[in-house]
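Participant: The following comprises the amino acid sequence and a computationally predicted model.
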Amino acid sequence: MTQKRSSAITQGFERTPHRALLKGTGVPQQQMDKPFIGIASSFTDLIPGHTGMRDLERFIEKGIHTGGGHAFIFGIPGVCDGIAMGHRGMHYSLPTRELIADMVESVAEAHRLDGLVLLTNCDKITPGMLMAAARLDIPCIVVTAGPMMTGSGGAGRKFSFVTDTFEAMGKYKAGVMDEQELMVCEDKACPTAGSCQGLFTANTMAILTETLGMSLVGCGTALAVSSLKRRIAFASGERIVELVQEQITPRQIMTRAAFENAIRVDLALGGSSNTVLHLLSIAREAGIDLPLEEFDRLGRETPQLASMNPGGKHFMEDLDTAGGVPGVLYQLRDLINDNPTLTGPSVKEIVASIASVDEEVIHSVENPVRAEGGLAVLFGNLAPLGSVVKQSGVSEKMMIFEGRARCFDSEEGAMEALMGGQIVAGDLVVIRYEGPKGGPGMREMLAPTATLMGLGLGDSVALITDGRFSGGTRGPCVGHISPEAAEGGPIALIEEGDLIKLDIPNRKLELLVEEEELVRRKAAWQAPEAKIKTGWLARYAKVVTSANTGAVCEA
């Protein structure tokens, strides 16, 4: 093994003060020559997906010491998107991804850690940690804390967070659910620790982390409360010491081939549209050229193989039992690239080890749920730099739709109209000035999209935005429209009553207004005042890039 990074703080008489401080933390002299491994833990009491991490920290720490390293736990913040949803707090969610990457980098570099175990789970935390891993390119392994169990009810009913809270809210408003049933949903939707039960952003990113080869086999789907997750945590602690000794680093694992595999698995499962933002940002840190168009190219040749909640019937516990990530890779075996993984075996070797897959949950390529993947990238005069739709959650009836524009310059305005019964069949809701700069922070639009479905408008009303959606969003909802309204993109030029055509099969999003009129509107357009003028978000808005490049911060 080459000289350890930690030698810079442990070796030589010049480092007497450094060793004194380390001993002040309780590090014995005999541990100074061992690899120093940081456990970047995003434990918090604020997020259900993270409340069980104290337990996993112990098992990771045990694994590190068993493997011959010395563990140091340090904290990384997290935001629960569900709790932050629908108010000022959601402005902060996506920007925390950049803060997390910067914090992991800062601690690892300042303390010259030899390797990292990245303990994560929820939406922005996992991609932020992967960004840091790619940027640092020191030995790293990711432990995702795992999905929540579904709630249980009578007659075999399963309860889950999005369907039984956000969509239930719309049903209550529509009068099809009473207050008592609403309270039952509230009480049963989140029965244990863990990330929300369906294929929302957190679980999609956990799956993609395993697909990329950055976590151990089985980690992406093993339940948060399972003994298996403890064993994976322990094994990850042991493995990181080996990775340091072998000098295996993230950029050796997160290759272009690995990102193509991750995109294919995402498409095959019908995962969250947020993964587009996150894979673009992680690839950028890894030095991989990954254009937005690549998602659509792969989507046209990768069938959707699973019907996962929220758009379908299966939950993460079903996917785990059916074969997990290896099972999906097995079904995609003729489309998947071989690539090394941090586990040891390559992707093709993992696939070769699979004995069987439950094809009721993970279909074969010959018998897909849909012929195309779960995500589609749309272009057109309304989205010249692209937009994203989770087509796995769109009914066949709404794959092509022409509607009258109902324009709102904030999520709150759209919610007020929806709850007030002002949106009717044939409308196309436009929510703008919610992009990376305009939001700022590109807020998720789960409340309006879930309300749309709960009100029974999912087959007669579409929604488009320069913001983004929760992984729990389903229905004809197009996000990430680029350029965004705050940059003078075409979405800023839409006027009330304009006709807009959504054509998912042909990947088109068109504003049906003459080009000369759009030129006139553009000339008259003026950039609005910033919504937030002080603090971290004001700085973020000045440096964040467009959604089509991952909404990353550039100096």
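Facilitator: Happy to help now that I have it.
Participant: What ranges does the stretch 201-350 of the chain have for its helices?
Facilitator: Ranges of helices within the stretch 201-350 of the chain are 201-212, 227-246, 250-253, 256-269, 274-285, 293-301, 316-322, 324-331, 347-352, based on DSSP state H, counting those that start in this stretch.
Participant: list the contacts for residue 495?
Facilitator: Residues near residue 495 by Cβ atoms under 8 Å, 6 or more residues apart in numbering: 405, 407, 521. All C-beta atoms are positioned from the backbone trio N, CA, C, and that covers glycine.
Participant: Which ChimeraX command selects the buried ones in the residues you listed?
Facilitator: For the buried members of the contacts of residue 495, the matching ChimeraX selection, counting by 16 or more other Cβ atoms under 10 Å, is:
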select :405,407
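Participant: pLDDT weak spots in this protein?
Facilitator: The chain contains residues with pLDDT under 70 at 1, 555.
Participant: So for it, the centremost residue is which one?
Facilitator: Geometric centre of the chain, nearest residue: residue 201, 3.7 Å, by Cα atoms, centre = their mean.
Participant: Let me know whether that one touches residue 275 as I believe.
Facilitator: Yes. Look at residue 201 against residue 275 with Cβ atoms under 8 Å: they come within range, at 7.0 Å.
Participant: Assign a three-state SS to the closest residue to residue 25 other than its chain neighbours, would you?
Facilitator: Among residues not flanking residue 25 along the chain, residue 72 sits closest, at 7.9 Å (Cβ to Cβ, 6 or more residues apart in numbering). Secondary structure state of residue 72, per DSSP: H, G, I helix; E, B strand; the rest coil, is strand.
Participant: Just give the number of residues close to residue 72.
Facilitator: Neighbour count for residue 72, taken as other Cβ atoms under 10 Å: 19.
Participant: how far away is it from residue 292?
Facilitator: Distance of residue 72 to residue 292, given as Cβ to Cβ, to the nearest Å: 38 Å.
Participant: got it, and residue 35?
Facilitator: Distance from residue 35 to residue 292, by Cβ to Cβ: 39 Å.
Participant: Count the residues that sit near residue 457.
Facilitator: 22.
Participant: Compute the first-to-last residue distance for stretch 407-423.
Facilitator: 11 Å (Cα to Cα, to the nearest Å).
Participant: can you tell me how far residue 494 sits from residue 306?
Facilitator: Counting by Cβ to Cβ, the gap from residue 494 to residue 306 is 35 Å.
Participant: hang on, I meant residue 85
Facilitator: For residue 85, the distance to residue 306 - Cβ to Cβ - is 26 Å.
Participant: Longest strand of this protein, counting residues only.
Facilitator: Looking across the chain with DSSP state E, the single longest strand is strand 400-408.
Participant: So for that one, what gets flagged as buried?
Facilitator: Neighbour-count burial for strand 400-408 [16+ other Cβ under 10 Å]: 401, 403, 405, 406, 407, 408.
Participant: circling back to that earlier point, is it true that the residue nearest to residue 25 touches residue 35?
Facilitator: No. Using Cβ under 8 Å, residue 72 makes no contact with residue 35, being 11.0 Å away.
Participant: host element of residue 417?
Facilitator: For residue 417, the host element (DSSP states H and E) is helix 411-419.
Participant: Could you list every helix and strand in contact with that helix?
Facilitator: With contacts defined as 3 or more Cβ pairs under 8 Å, 6 or more residues apart in numbering; DSSP states H and E, helix 411-419 has these neighbours: strand 400-408, strand 427-431, helix 446-454.
Participant: JSON lines for these, including distance to residue 335?
Facilitator: Formatted as JSON lines, these follow (distance: least, Cβ to Cβ, whole Å):
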{"stretch": "strand 400-408", "distance to residue 335": "28"}
{"stretch": "strand 427-431", "distance to residue 335": "35"}
{"stretch": "helix 446-454", "distance to residue 335": "30"}
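Participant: Relative to residue 532, which of these is closest?
Facilitator: strand 427-431 (17.4 Å; Cβ to Cβ).
Participant: the more surrounded of residue 494 and residue 306?
Facilitator: Between residue 494 and residue 306, residue 306 has the larger neighbour count (other Cβ under 10 Å), namely 26 against 22.
Participant: ranges for the strands of the stretch 451-555 of the chain?
Facilitator: Here the stretch 451-555 of the chain has its strands, by DSSP state E, counting those that start in this stretch, at 462-465, 477-482, 499-503, 508-511.
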